[in-house]
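Enquirer: just a sequence and a predicted model for now, questions to come.
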Amino acid sequence: MIYLNSDRTEFINNDAFNGCGNEAREELNREYHAPTAHELYDFIDSQPTWDCVPPDAYDQLANLCGVSYTEEDSLETLMDRCAAALEKLAAQYVQDEDGRTVDYAAAVELMDDDLREQLHREMAPCSNQEFYDAYVKAHAEKYNGEKFQI
């Protein structure tokens, strides 16, 4: 498993944590994090060559994206599969105004039916994120500034 630093330009793997002591481990935990599927995909895609990335990172990416990957598959095939999976995943989630990831279907269930239908008539077709953002704004207007929360 690899971990990325906060600006996602450097990585370490599990070996960095072995035998390093508690203080060093705490410092590494402050500086590095387990990447999300998007972060790892973007990191791998930004590297000059496939060889710049440790092989286990590809397994990690496949696992995070929920796609199958064997050593017989080309790395380009893996990246294509992951891009498709990430695109599909993005449609299932939106970002709220605080930057948190929200399950779009759960948000729709909690929306005011009349307001949701009105926006749907006015906006369709649009992305889930565009609709969610418009709903949050309309909800606040209808309910005297009340914030729509999941």
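Expert: Good, I have the coordinates. Residues are numbered from 1 along each chain as shown.
Enquirer: list the contacts of Ile2.
Expert: The neighbours of Ile2, taking Cβ atoms under 8 Å, 6 or more residues apart in numbering as the test, are 11-13, 35, 40, 54, 56-57, 60. Backbone N, C-alpha and C define where each C-beta goes, glycine included.
Enquirer: helix or strand: which one has the residue nearest to the spatial centre of the chain?
Expert: Centroid-nearest residue in the chain, with Cα atoms, centre = their mean: His38, separated by 4.8 Å. Applying DSSP states H and E as the criterion places His38 in helix 37-46.
Enquirer: buried stuff in the following helix or strand past that helix?
Expert: Downstream of helix 37-46, the first helix or strand assigned by DSSP H and E is helix 55-65. Of the residues in helix 55-65, 57-58, 60-62, 64-65 count as buried by neighbour count, 16 or more other Cβ atoms under 10 Å.
Enquirer: redo the contacts of Ile2 as JSON lines? Include pLDDT and distance to Arg100.
Expert: Shown next, in JSON lines, are those (pLDDT from 0 to 100; distance: Cβ to Cβ, whole Å):
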{"residue": "Phe11", "pLDDT": "93", "distance to Arg100": "25"}
{"residue": "Ile12", "pLDDT": "93", "distance to Arg100": "27"}
{"residue": "Asn13", "pLDDT": "91", "distance to Arg100": "29"}
{"residue": "Pro35", "pLDDT": "92", "distance to Arg100": "18"}
{"residue": "Leu40", "pLDDT": "95", "distance to Arg100": "20"}
{"residue": "Pro54", "pLDDT": "90", "distance to Arg100": "31"}
{"residue": "Asp56", "pLDDT": "90", "distance to Arg100": "30"}
{"residue": "Ala57", "pLDDT": "94", "distance to Arg100": "27"}
{"residue": "Gln60", "pLDDT": "95", "distance to Arg100": "24"}
